[in-house]
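A.B. asks: I would like the atomic coordinates for the input below:
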Amino acid sequence: MSVHTPDRPSAQWMADTGPAPVRLLLAGVEGEANELVGARASGFPLELVIVDPSATVDSSVLSGAAAAVVQVNADDKTSVARFEQLAKGPVPLIAAAYEPPMALVRALVRAGAHDVIPLPIDAEELETALDPIRRMVSEQGPRQRAGQHKIVAVIKSEGGVGATALLGQLATRFAADEAAVGRQACLIDLDVQFGDAAVQLGLHPKLTFSDLIDAGKRLDGGLMRSIAVQDSSGLHVIAAPRDIMPLESLNSDQLLSIVDLATDEFGTVFIDLPANWTNWSLSLLARADLVLMVTQLRVSSLHRARRQLDLLASQDLDQLDVRIVLNRTEKGLFRTLGPADAERVLRRPIAFTVANDHQTMSMAIDRGVPIAEVKRKCALGKDIDTLEQGVTAALGLEH
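C.D. replies: The predicted structure is shown next:
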């Protein structure tokens, strides 16, 4: 590992032969990181730029690098802001911090960090963090931040509100519209204990999400496509595991790497998250461009939704673009609650309402088809069309 100081002209320290380096912007080298001197990690040569974590650095310090590891001080807003600014550039970043609190990890991931590793740097942890970037660089070059790389996360106030059924119908309509303009979409069912998004769409894939996990470092775009099954709309679906998978058996690094690969491969990725919160589901949520909170016009469901929103605020995720979807809404005169009541409870505007048409939705699920094949014109279909158009607009996409 070469050691450099940032006040020297960049021409004196930029690598000009061999593979592009990974540049480490650290206050110094200590602990096991000393073993990295003169070494490589995940095939990359390493260069150390000694710089205070709060010092301002020009983005040119990353010029020519395949990736960079940037030290961040958790209690220093200037240090965090520096990372956020550097993350706007094209070079993939890994954040490094001493005992980073979970709130900081999520903030850094939201800013664009591919991973967050603890200091002092451990050679094995650095290797693991850089491996997805190595694969990305070798296959596709630096990560694209194009507009079509989008993540839509679906969360629910509680189980049984019809979020998965709604997501399936939404995603298939979205995928069909994307296909018309030469783009793709993918749905990943991350309800690893009770997910049935694929089944509801009439799909019975041989491979599932658990095969992505089992692939480990062998996972690439080609393997991901072989695991995904394609719906008639063009939607690629990665099904939930057949066997119940303990939520704690997954970690944020695994999931973020998989979702990043999915966005590179397919463009827009819909994620169906489990009802129970985990550190990895919160970390994934931090990466989302749009969050759909599905709830119902029932007192208990609305109050549970309010608690979910409070949780997001407590985890510094209250800046996420969360749109409230009222599912199974009765629109007659005899309803006991209305959207205005929901807004008072949630202290947020209602973005979308979806009509209650249990019979049509149930028939579509039983047959594994879009609801348009069950009933061509109905209030439910019209509301899902409106939802799809709203999601498209929120993502800045044109159909």
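
A.B. asks: Need the residues that contact the helix or strand harbouring Leu212.
C.D. replies: In this structure, Leu212 sits in helix 209-215 according to DSSP states H and E. For helix 209-215, the surrounding residues in contact (Cβ atoms under 8 Å, 6 or more residues apart in numbering) are 188-190, 192, 219, 223-224, 227, 238-243, 245, 250, 254, 258. Backbone N, C-alpha and C define where each C-beta goes, glycine included.

A.B. asks: What is the least confident helix or strand in the protein?
C.D. replies: Lowest on mean pLDDT, DSSP states H and E among the helices and strands of the chain sits helix 10-13, with a mean of 34.

A.B. asks: circling back: give the rounded mean pLDDT of the helix holding Leu212.
C.D. replies: For helix 209-215, mean pLDDT is 92.

A.B. asks: Against which helices or strands is the helix or strand following that helix packed?
C.D. replies: Helices and strands here follow DSSP H and E; after helix 209-215, the next one along the chain is helix 221-227. Where contact means 3 or more Cβ pairs under 8 Å, 6 or more residues apart in numbering; DSSP states H and E, helix 221-227 is packed against helix 209-215, strand 236-238, helix 252-266.

A.B. asks: Let me see the backbone angles for Val116.
C.D. replies: phi -130, psi 120 (degrees, to the nearest 10).

A.B. asks: OK, contacts around it?
C.D. replies: Taking Cβ under 8 Å, 6+ apart, one finds 94-97, 100, 104-105, 108-109 in contact with Val116.

A.B. asks: Which strand residues bridge it?
C.D. replies: Beta-bridge partners recorded for Val116 (DSSP bridges): Ala95.

A.B. asks: How confident was the prediction at it?
C.D. replies: pLDDT, read off for Val116, is 91.

A.B. asks: Give the residue spans of the stretch 101-250 of the chain that score low on pLDDT.
C.D. replies: By pLDDT under 70, the low-scoring segments of the stretch 101-250 of the chain are 137-147.

A.B. asks: Which of the contacts of Val116 lies at the shortest distance from Arg135?
C.D. replies: Ile94 (14.4 Å; Cβ to Cβ).

A.B. asks: residue contacts, the closest one?
C.D. replies: 67-70, 113-117, 129-130, 133.

A.B. asks: how about 10 Å then?
C.D. replies: Contact partners of Ile94, counting by Cβ atoms under 10 Å, 6 or more residues apart in numbering, are 22, 24, 67-70, 108, 113-117, 121, 125-126, 129-130, 133.

A.B. asks: Kindly report the same for Val69.
C.D. replies: Val69 sits in contact with 22-26, 41, 46, 48-49, 93-96, 115, 117, 119, 121, 126, 129-130, where contact means Cβ under 10 Å, 6+ apart.

A.B. asks: before we move on, what about Leu86?
C.D. replies: 25, 57-59, 61-62, 68, 70, 93, 95, 111-112 are the contacts of Leu86 under Cβ under 10 Å, 6+ apart.

A.B. asks: Mind checking which of those residues land in helices?
C.D. replies: Among the contacts of Leu86, DSSP state H puts Ala111 in helices.

A.B. asks: Please indicate which of the contacts of Leu86 are buried?
C.D. replies: Buried by 16 or more other Cβ atoms under 10 Å: 25, 57, 61-62, 68, 70, 93, 95, 111-112, out of the contacts of Leu86.

A.B. asks: And those residues, which is closest to Leu170?
C.D. replies: Nearest member of those to Leu170, counting by Cβ to Cβ, is Gly112, at 26.5 Å.

A.B. asks: Quick check: that closest one touching His149?
C.D. replies: No. With contact defined as Cβ atoms under 10 Å, Gly112 does not count as touching His149 (11.6 Å).

A.B. asks: Break down the stretch 201-350 of the chain into its strands, ranges please.
C.D. replies: Using DSSP state E, counting those that start in this stretch, the strands of the stretch 201-350 of the chain run over 229-230, 236-238, 267-272, 290-296, 322-329, 350-355.

A.B. asks: Please convert those to CSV, extending it with distance to Asp211 and mean neighbour count.
C.D. replies: Formatted as CSV, the strands of the stretch 201-350 of the chain follow (distance: least, Cβ to Cβ, whole Å; neighbours: other Cβ atoms under 10 Å):
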stretch, distance to Asp211, mean neighbour count
strand 229-230, 12, 16
strand 236-238, 9, 25
strand 267-272, 17, 25
strand 290-296, 27, 24
strand 322-329, 31, 23
strand 350-355, 33, 20
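
A.B. asks: helix or strand for Val91, which one?
C.D. replies: Val91 belongs to no helix or strand when assigned by DSSP H and E.

A.B. asks: Excluding covalently adjacent residues, which one is nearest to it?
C.D. replies: Leu62 (4.5 Å; Cβ to Cβ, 6 or more residues apart in numbering).

A.B. asks: Just list the residues touching that neighbour, thanks.
C.D. replies: 10, 23, 25, 49, 68, 70, 86, 89-93 are the contacts of Leu62 under Cβ under 10 Å, 6+ apart.

A.B. asks: which among those gets closest to Leu397?
C.D. replies: Pro90 (21.5 Å).

A.B. asks: do you know how far the closest one is from Leu46?
C.D. replies: 20 Å (Cβ to Cβ, to the nearest Å).

A.B. asks: same thing with Asp243?
C.D. replies: 41 Å.

A.B. asks: More neighbours: which of those two?
C.D. replies: Leu46 (22 against 9; other Cβ atoms under 10 Å).

A.B. asks: Measure how buried Gly216 is and give me the count.
C.D. replies: 9.

A.B. asks: if we can go back for a sec, quick check: which of the helices and strands packed on helix 221-227 has the most neighbours on average?
C.D. replies: Per-stretch averages of neighbours, counted by mean count of other Cβ atoms under 10 Å, single out strand 236-238 among those, with a mean of 25.

A.B. asks: other SSEs contacting that one?
C.D. replies: helix 163-180, strand 184-189, helix 197-200, helix 209-215, helix 221-227, strand 229-230, helix 252-266, strand 267-272 (3 or more Cβ pairs under 10 Å, 6 or more residues apart in numbering; DSSP states H and E).
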